[in-house]
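>>> Here's a sequence, model it:
(one chain, ligands or ions: 2)
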Amino acid sequence: MSDCLFCKIINGDIPSNKAYEDEKCYAFHDINPQAPVHVLVIPKIHLSSVNDICEENANVVAHIFSVIPKIAKELNLENGYRVVTNIGEDGRQSVKHLHFHILGGKNLTEFMA
Ligand code: 5GP
Ligand code: ZN
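Ligands and ions are numbered 1, 2, ... in the order given. Just a heads-up that it's a prediction; the model follows:
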């Protein structure tokens with residue numbers, strides 16, 4: 001998607017601080033971190049949100065969840081972390097390319113909403 005911010009980051013048109021990359025996904029440090037460690041993991045194919053996940057592309061999401069523990073280990077999050085994804089307006093999703101926030105590096109608050 002040519003007008004998608006995160007597709008531009010994947011293409012290298014917009015610079016990012018890479019944390020991990022393979023053929024299916026890309027991970028980079030959030031520009032406005034909400035915790036000492038705040039990394040976004042995104043599929044290289046454009047999916048707008050969790051709402052775009054279906055049988056045909058769910059393998060990409062399964063793959064992302066198989067690499068999240070590896071990324072977390074690289075980021076020294078042995079003591080735990082949180083994975084969050086926002087969906088749509090009420091979910092306060094600001095970038096319409098599926099992404100999973102990895103948050104950690106401190107004892108996070110209990111609040112989810
Ligand atoms: P959302 O609110 O959609 O769940 O999360 C979008 C995230 O993308 C936010 O945490 C925001 O700080 C991050 N973000 C937005 N634009 C950029 C950017 O250009 N570079 C990086 N690294 N992060 C971005
Ligand atoms: Zn995109």
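
>>> ok, which stretches of this protein are helices?
5-11, 58-74 (DSSP state H).

>>> mind listing what's buried in the longest one?
Meaning helix 58-74. Within helix 58-74, the residues scored as buried using 16 or more other Cβ atoms under 10 Å are 60-61, 64, 67-68, 71-72. Any C-beta I mention is one placed from the backbone N, CA and C, and that applies to glycine too.

>>> and this protein, which of its residues are near ligand 2?
Selection of the chain residues close to ligand 2 by Cβ under 5 Å from the ion yields 1, 4, 6-7, 46, 97.

>>> and which of these is nearest to residue 28?
Taking Cβ to Cβ as the measure, residue 6 is the one of the residues of the chain next to ligand 2 closest to residue 28, at 9.1 Å.

>>> Can you name the residues of this protein that neighbour ligand 1?
Residues of the chain lying near ligand 1 by Cβ under 6 Å from any ligand atom: 5, 14, 16, 28, 30-32, 40, 86, 92-95.

>>> Show me the strands in the protein, by range?
18-21, 25-29, 37-43, 81-84, 100-104 (DSSP state E).

>>> Kindly reformat those as CSV containing mean pLDDT.
Formatted as CSV, the strands of the chain follow (pLDDT from 0 to 100):
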stretch, mean pLDDT
strand 18-21, 98
strand 25-29, 98
strand 37-43, 98
strand 81-84, 98
strand 100-104, 98
